[in-house]
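# Mind folding the following:
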Amino acid sequence: MQFNSAIGLDTLRAYEETHYRVLGDAPATLRIGHANPDLAKLHRTFGVDCSAFVTAANPFSTLISAMANAARQAALAEQLAIMGLRFIEGIGEHPLGTWAGEPSFLVLGLKLSDAKQLGTKHEQNAIVWCGSDTVPQLILLR
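Numbers count the residues shown, from 1 in each chain. Now for the predicted structure:
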């Protein structure tokens, strides 16, 4: 865990405990620090060696309305489409259910530097990035 961050320790802990669920035809649940064979299969299927789990919801972990989150998520989807990236819908859910699940996308083939820029643009504290080892990493942006 990174301690020189503007993000509080409780929030960091919640991010690390969250289940990052990839929806669709090939579901997977990503957990920070745990290799994921389902993600490895998705990477092989799409011919990529990395991916990122990103959202535009709840900027800087500040709860906003469902309508505002939907608009932010639609803007993110539009940006990903314009960039020509393949993505699968997902949801980030804490196992205790103390925070509403956040709509998200698993973006296939998104390099770390681009994932950081995307998360920063959409006012996120962090993103989840996975390299060729398919071990999801929490990448702090603040």
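
# Pick out the residue nearest the middle of this protein.
The centre of the chain sits closest to residue 53, judged by C-alpha atoms, centre = their mean, with a distance of 2.4 Å.

# Spatially nearest residue to it (excluding sequence neighbours)?
Excluding its sequence neighbours, the residue lying closest to residue 53 (C-beta to C-beta, 6 or more residues apart in numbering) is residue 128, at 3.9 Å. (Each C-beta comes from the backbone N, C-alpha and C, glycine too.)

# partners of the one helix or strand the one you found maps to in the sheet?
Per DSSP states H and E, residue 128 falls inside strand 126-130. Paired neighbours of strand 126-130 in the sheet (DSSP bridges): strand 51-54 (antiparallel), strand 137-140 (antiparallel).

# who wins for proximity to residue 61 among the ones you listed?
strand 137-140 (12.0 Å; C-beta to C-beta).

# tell me the mean pLDDT over that closest one?
Averaging pLDDT along strand 137-140 gives 96.

# And the contacts of that strand?
2, 5, 7, 12, 15-16, 32-33, 112, 115-116, 119, 125-131 (C-beta atoms under 8 Å, 6 or more residues apart in numbering).

# change it to 6 Å
2, 5, 15, 32, 126-127, 129 (C-beta atoms under 6 Å, 6 or more residues apart in numbering).

# Considering those residues, which possesses the most neighbours?
residue 127 (26 neighbours; other C-beta atoms under 10 Å).

# Can you tell me the SS state at the closest residue in space to residue 49 that isn't next to it in sequence?
Nearest residue to residue 49 in three dimensions, chain neighbours excluded: residue 132, at 4.3 Å (C-beta to C-beta, 6+ apart). What DSSP: H, G, I helix; E, B strand; the rest coil gives for residue 132 is coil.
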